[in-house]
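Enquirer: Need the 3D shape of this:
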Amino acid sequence: MLRVPHTRMPIHSHHAAALLLLAIATPGCGRSELPIGELTDAATADVADSSEDAAEPRRLTKIVAGHQATCWLRDGALSCWGYLAGGQLCNGTAGFDVVVEPRPMDVGTVVDVTMGENGLTFLLRSREARYCGSTWCGLGESITRPTTMATDVVRLFGAGRGRHAWAGRRAGSVVGFGHNPRGQIPGSSPSCYYPAVEVPLARGAEVILGNYFTCLLAEGRLRCSGLNSTGQLGDGTLTDHPDPRPVPGLDAVTLAGAGFATMCAVDAGRLLCWGYNKYGTVGDGTTVDRTRPVPVPGIAGRIISLAGGNTVTCALVEEGRVWCWGDNGRGELGNGTGKPRLVPGLVPDLDQVVELTVGVSHVCARRRDDSVWCWGANKAGEVGDGSLIDQPRPVRIGL
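Expert: Numbers count the residues shown, from 1 in each chain. Coordinates of the predicted model:
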């Protein structure tokens with residue numbers, strides 16, 4: 001394995017990606033308040049199927065992009081590559097490595113994983129949610145060995161670019177941990193939470209995490225809280241909100257996803273986006289920040305997932321094709337042209353995609369045959385092809 005140790009890399013901490021969690025909303029309780037959430041049977045079953053006596057070993061089960069790094073989960077074994085820093089190596093050191101191809105992580109048998117900015121959260125078969133990486137609660141502070149954040153966990157909701165993560169417990173409660181200066185962990189005081197604290201959450205809600213902001217999706221409606229510097233909360237203002245507030249005009253949302261500071265949702269079959277738009281990541285043909293949802297034209301097919309970073313937003317449609325829009329200076333759009341697109345365009349020569357994840361400026365997709373293809377920015381090895389060269393078209397990674 002090729003590694004480039006102790007190499008100074010340009011890490012733009014204020015331009016990192018959000019890990020996306022996209023899901024179809026389940027029926028909620030119809031209340032305006034936020035009672036403690038309940039988990040779906042399907043979420044519990046996912047972990048139950050991962051137990052030691054499961055009938056069949058699992059193949060590649062997940063790919064996830066973080067700041068300038070990527071991980072995949074294969075048969076319970078976690079491997080990561082890219083810029084692994086701030087304790088994210090999980091080996092007792094707070095240093096960093098630039099790893100240019102998948103490297104096994106010695107953290108035990110893993111059933112789920114999420115990444116944030118220089119932070120790694122993973123769920124073990126023992127139902128412990130563990131974390132290693134930067135805490136952001138003080139200069140130089142890191143958790144350098146896997147540390148339990150919550151127990152009796154059945155699912156991870158993801159890790160936001162804003163350095164926070166959420167997990168759902170078997171008993172139905174939802175917990176959050178991490179850096180919370182903007183109220184993106186609603187119901188808690190601005191501070192740092194290691195380990196996790198209980199989070200008020202609407203029953204049946206899904207959680208979408210961005211850069212210091214969080215959105216809750218339940219009963220077809222979105223409520224968002226936290227940072228609102230570019231309109232990412234979608235309420236028509238630039239005012240931060242520590243408590244979740246409705247996104248006006250959306251009442252039939254089935255799917256949502258967040259990027260660095262861009263938010264997108266499918267409402268009554270229409271794709272709408274809002275927030276940060278310097279690189280065209282909203283997709284409305286402009287580079288003007290949007291404080292309210294605006295229609296995004298051009299995507300053919302039913303969208304089944306959304307993923308965003310700092311410079312690019314992508315959508316996966318039911319037919320297995322990927323559409324991306326935004327900047328293309330690092331190859332983010334995967335079309336080999338280097339030219340930006342302010343509206344969605346197809347990633348050519350890529351089909352049968354079943355999973356999609358986006359980092360700061362790189363994108364990875366898993367195809368139906370479990371092959372992984374990545375493209376875009378690669379100065380920190382985040383593409384994983386063994387080089388430090390940006391890749392303007394999808395390249396196959398690993399096996």
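Enquirer: From here on, just use CA atoms for contacts and neighbour counts.
Expert: Fine.
Enquirer: All the strands of the stretch 101-250 of the chain, in order from the start?
Expert: Secondary structure of the stretch 101-250 of the chain (DSSP state E, counting those that start in this stretch): strands located at 110-116, 119-124, 129-134, 142-150, 153-159, 164-169, 174-179, 192-198, 206-209, 213-218, 221-226, 241-246.
Enquirer: Output those strands in CSV; the columns should cover mean pLDDT.
Expert: What follows is the strands of the stretch 101-250 of the chain, written out as CSV (pLDDT from 0 to 100):
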stretch, mean pLDDT
strand 110-116, 92
strand 119-124, 93
strand 129-134, 91
strand 142-150, 91
strand 153-159, 83
strand 164-169, 83
strand 174-179, 82
strand 192-198, 80
strand 206-209, 88
strand 213-218, 90
strand 221-226, 93
strand 241-246, 91
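Enquirer: Select, out of the ones you listed, the one closest to Ile389.
Expert: strand 110-116 (22.6 Å; Cα to Cα).
Enquirer: so how far is the closest one from its chain's centroid?
Expert: Distance of strand 110-116 from the chain centroid (Cα atoms, centre = their mean, to the nearest Å) equals 10 Å.
Enquirer: Could you do stretch 275-283 as well?
Expert: 17 Å.
Enquirer: cool, and stretch 292-311?
Expert: Centroid separation between stretch 292-311 and its chain, computed with Cα atoms, centre = their mean, is 15 Å.
Enquirer: can you check stretch 374-389 too?
Expert: For stretch 374-389, the distance to the chain centre is 18 Å (Cα atoms, centre = their mean).
Enquirer: Averaged pLDDT, that stretch. What do you get?
Expert: Averaged across stretch 374-389, pLDDT comes to 97.
Enquirer: circling back: can you redo the strands of the stretch 101-250 of the chain as CSV with mean neighbour count and distance to Ala315?
Expert: What follows is these, written out as CSV (neighbours: other Cα atoms under 10 Å; distance: least, Cα to Cα, whole Å):
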stretch, mean neighbour count, distance to Ala315
strand 110-116, 28, 19
strand 119-124, 26, 24
strand 129-134, 27, 29
strand 142-150, 21, 31
strand 153-159, 27, 18
strand 164-169, 28, 23
strand 174-179, 26, 27
strand 192-198, 19, 31
strand 206-209, 28, 15
strand 213-218, 28, 18
strand 221-226, 25, 19
strand 241-246, 19, 23
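Enquirer: JSON lines for these, including distance to Ser387?
Expert: Listed next are the strands of the stretch 101-250 of the chain as JSON lines, based on distance: least, Cα to Cα, whole Å:
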{"stretch": "strand 110-116", "distance to Ser387": "22"}
{"stretch": "strand 119-124", "distance to Ser387": "23"}
{"stretch": "strand 129-134", "distance to Ser387": "24"}
{"stretch": "strand 142-150", "distance to Ser387": "27"}
{"stretch": "strand 153-159", "distance to Ser387": "27"}
{"stretch": "strand 164-169", "distance to Ser387": "30"}
{"stretch": "strand 174-179", "distance to Ser387": "32"}
{"stretch": "strand 192-198", "distance to Ser387": "35"}
{"stretch": "strand 206-209", "distance to Ser387": "30"}
{"stretch": "strand 213-218", "distance to Ser387": "33"}
{"stretch": "strand 221-226", "distance to Ser387": "37"}
{"stretch": "strand 241-246", "distance to Ser387": "42"}
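Enquirer: can you tell which of those is closest to Cys364?
Expert: Taking these one by one with Cα to Cα, strand 110-116 is closest: 13.8 Å.
Enquirer: Partner strands of the closest one and their direction?
Expert: Paired neighbours of strand 110-116 in the sheet (DSSP bridges): strand 119-124 (antiparallel).
Enquirer: which outside residues touch the partner strand?
Expert: The contact list for strand 119-124 (Cα atoms under 8 Å, 6 or more residues apart in numbering) reads 66, 86-88, 108-115, 129-135, 153, 155-156, 159, 163, 165.
Enquirer: name the helices or strands packed onto the helix or strand harbouring Trp323?
Expert: Using DSSP states H and E, Trp323 maps to strand 322-326. Here strand 322-326 touches strand 312-317, strand 341-346, going by 3 or more Cα pairs under 8 Å, 6 or more residues apart in numbering; DSSP states H and E.
Enquirer: In TSV: the ones you listed, plus mean pLDDT, mean neighbour count and distance to Asp75.
Expert: Formatted as TSV, the helices and strands packed on strand 322-326 follow (pLDDT from 0 to 100; neighbours: other Cα atoms under 10 Å; distance: least, Cα to Cα, whole Å):
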stretch	mean pLDDT	mean neighbour count	distance to Asp75
strand 312-317	98	28	24
strand 341-346	98	22	31
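Enquirer: okay if I get those as a markdown table plus distance to Arg125?
Expert: A markdown table is the format used below for these (distance: least, Cα to Cα, whole Å):
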| stretch | distance to Arg125 |
| --- | --- |
| strand 312-317 | 29 |
| strand 341-346 | 38 |
